[in-house]
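> Got a predicted model here, sequence first, then my questions.
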Amino acid sequence: MHNANDLSMSLTAFEQDCTLIAVIEMSLSTWLVGAIVPGVGRHPLKKLGADQEALLALLYRWRDEAMKSGRTITRIAVAFESGRDGFWLARWLRNRGIEAYVIHASSVAVSREHRRAKTDRLDTDMLKRAFLGWLRGERNHCKMVAIPTVSEEDARRPIRERDALIGERIRIVNRMKATLIRLGIRNFNPKLKGAPARLASVRTPEGMPIPVNTEAELRRDMTRLRLVCDHIKEIELARLKRLEQAPHDTSNTMVLLLARVIGVGVETADMLVQEILSRKLRDRRAVARYAGLTGSPDESGAKRREKGLARSGNARVRRGMIQLAWRFLLFQPSSALALWYRKRTTEASNTRKPMIVALARKLLIALWQFVTVGIEPEGILLRAPT
């Protein structure tokens, strides 16, 4: 029995004589549209500007050509690879009665030739073959990406913006420290609130003040740092306000439930819910695979080896879960998962890092079952509900 959330194959019966198939090779300013039109011997190919109305008119024109040749088109299926344009076009087409799919870019098989030819025309033909096999119900011709709603996409923006701001804060601080060390100044912390006022009194080992241009640069960086820190605090306060105002919202309920687990903070809980736990994943294997916490075996003949993590999933979830796994050992030492980890690493200390990945995978699955089914992980400690 097929699962409704399986995106590796189509679950709709495919009737080739009444289905118009189109694929789009998208770039920043132009779209190359290729199609398979029933009743038309040629495979039409048309380059358009990045214009959704022109695309819709082209699809209707090809449908009319098929009808003139005696075919009745009951289904129009369009696909394109995931990329810069995101999902807005798929949602726009679906609102107009067109089946639209987004192909996972890394799931399409390509030639392994050292110098393979690659053009938009060849890529369009390759997408047509992969999409046609997927529509026939043949597994793993390609995989589709689940198309989120606008509200689901918007819910992820604060987390991702905060991650970008954290990275920017680190870069600014590192740049200021490098500037100071270049002058031999090591006992001055540019992150402190009173650092701008103390900057004028700082002296180099030679007893000289900081040069004028360097001081101006440091002051500008401190201003940027304060602004970035204010934005991070604004995002965190907005999250807490959202949880307080709508605690019974589905995603907020998941966040509050996860935050009850000792060792899991609100930031981690919100990231996990918005990035993975609120998605409709078909089973525990899909959860681990989406996080990129599964292995990549290399087996051929007598050769058996593991190449490490596949890293094909959500890097943000993978990094967060590995960090959470280390914290989990500290805050939940009596849990079944922590005891399982210690049992396997007590006599083999060199396995700690590989086993922490296995713990992260098991922990993610346990948290997924906790917030979706209500199965509480064995032995974990929970905070009192607020």
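Here it is on my side, so go on.
> just the strands in the stretch 51-200 of the chain please.
Per DSSP state E, counting those that start in this stretch, the stretch 51-200 of the chain carries strands over the ranges 75-81, 99-103.
> In TSV, list these along with mean pLDDT.
Output for these, formatted as TSV (pLDDT from 0 to 100):
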stretch	mean pLDDT
strand 75-81	94
strand 99-103	94
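> how far away is residue 170 from residue 229?
12 Å (Cβ to Cβ, to the nearest Å). Every C-beta, even on glycine, is put in place using the N, C-alpha and C of the backbone.
> Could I get the contacting residues of residue 80?
Applying Cβ atoms under 8 Å, 6 or more residues apart in numbering, we find residue 80 in contact with 23-26, 89-90, 102-103, 127.
> 6 Å - rerun?
Contact partners of residue 80, counting by Cβ atoms under 6 Å, 6 or more residues apart in numbering, are 24, 26.
> Next one: it from residue 270, what distance?
To residue 270, residue 80 is 31 Å away according to Cβ to Cβ.
> just residue 320 next, same as before
11 Å.
> The two: which has the busier surroundings?
Legend: neighbour count by other Cβ atoms under 10 Å for residue 320 and residue 270, higher for residue 270 (27 against 22).
> for that one, what are its contacts?
Counting by Cβ under 6 Å, 6+ apart, residue 270 touches residue 255.
> do the one 5 residues further on as well
For residue 275, the contacting residues are 314, 316-317, by Cβ under 6 Å, 6+ apart.
> out of everything not next to it in sequence, what's closest to it?
Sequence neighbours aside, residue 317 is the residue nearest to residue 275 in space, at 5.1 Å (criterion: Cβ to Cβ, 6 or more residues apart in numbering).
> With residue 116 instead?
Residue 116 sits nearest to residue 110 (Cβ to Cβ, 6+ apart), 7.2 Å away.
> Then residue 198?
Take residue 198 and drop its neighbours on the chain: the residue closest to it by Cβ to Cβ, 6+ apart is residue 188, 7.5 Å away.
> Would you list the phi and psi of residue 209?
Main-chain dihedrals, residue 209, degrees, to the nearest 10: phi -70, psi 170.
> Could you give the number of residues near the nearest residue to it once chain neighbours are set aside?
Spatial nearest neighbour of residue 209, chain neighbours left out: residue 203 (6.2 Å); criterion: Cβ to Cβ, 6+ apart. The tally of other residues near residue 203 (other Cβ under 10 Å) stands at 13.
> Against residue 383, how distant is residue 203?
49 Å.
> How about residue 269?
Separation of residue 269 from residue 383 (Cβ to Cβ): 12 Å.
> Over to residue 257?
To residue 383, residue 257 is 11 Å away according to Cβ to Cβ.
> Looking at those two, which one has more neighbours?
More crowded of residue 257 and residue 383, by other Cβ under 10 Å: residue 257, with 19 against 10.
> check which helix or strand covers that one.
Using DSSP states H and E, residue 257 maps to helix 250-258.
> about what we covered before: surely the residue nearest to residue 198 touches residue 202?
Yes: contact criterion Cβ atoms under 6 Å: residue 188 and residue 202 qualify, at 5.4 Å.
> so what's the residue most central in space within the chain up against?
Geometric centre of the chain, nearest residue: residue 314, 4.2 Å, by Cα atoms, centre = their mean. The contact partners of residue 314, by Cβ under 6 Å, 6+ apart, come to 275, 291.
> hmm, 8 Å instead?
Counting by Cβ under 8 Å, 6+ apart, residue 314 touches 275-276, 290-292.
> got the phi/psi numbers for residue 73?
Residue torsions, per degrees, to the nearest 10, at residue 73 are phi -90, psi 110.
> Touching, it and residue 19? I think so.
Yes: Residue 73 is within contact range of residue 19, at 7.3 Å (criterion: Cβ atoms under 8 Å).
> Residue 322 is in contact with residue 357, correct?
Yes: between residue 357 and residue 322 there is a contact at 6.6 Å, judged by Cβ under 8 Å.
> What are the buried residues along the helix or strand encompassing residue 353?
Following DSSP H and E, one finds residue 353 within helix 352-372. Neighbour counts over helix 352-372 (16 or more other Cβ atoms under 10 Å) mark 354-368, 370-371 as buried.
> do stretch 87-98 as well
Applying a neighbour-count criterion of 16+ other Cβ under 10 Å, one finds 87, 89-90, 93, 98 buried in stretch 87-98.
> now stretch 137-145
In terms of neighbour count (16+ other Cβ under 10 Å), stretch 137-145 has its buried residues at 141-145.
> Residue 86: neighbour count?
Neighbours of residue 86 (other Cβ under 10 Å): 13.
> before we move on, what about residue 151?
8.
> repeat for residue 58
Neighbour number of residue 58 under other Cβ under 10 Å is 18.
> ok, it touching residue 45?
No: here residue 58 does not reach residue 45: they are 10.9 Å apart, not a contact under Cβ under 8 Å.
> anything in contact with each of these two?
Any residue near both residue 58 and residue 45 by Cβ under 8 Å, 6+ apart counts here, and that gives residue 33.
> Please enumerate the helices of the stretch 151-300 of the chain.
With DSSP state H, counting those that start in this stretch as the criterion, the stretch 151-300 of the chain has helices at 195-198, 212-245, 250-258, 266-272, 284-290.
> Tabulate those (JSON lines), appending mean pLDDT and distance to residue 327.
Shown next, in JSON lines, are these (pLDDT from 0 to 100; distance: least, Cβ to Cβ, whole Å):
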{"stretch": "helix 195-198", "mean pLDDT": "93", "distance to residue 327": "30"}
{"stretch": "helix 212-245", "mean pLDDT": "96", "distance to residue 327": "19"}
{"stretch": "helix 250-258", "mean pLDDT": "93", "distance to residue 327": "13"}
{"stretch": "helix 266-272", "mean pLDDT": "95", "distance to residue 327": "9"}
{"stretch": "helix 284-290", "mean pLDDT": "90", "distance to residue 327": "19"}
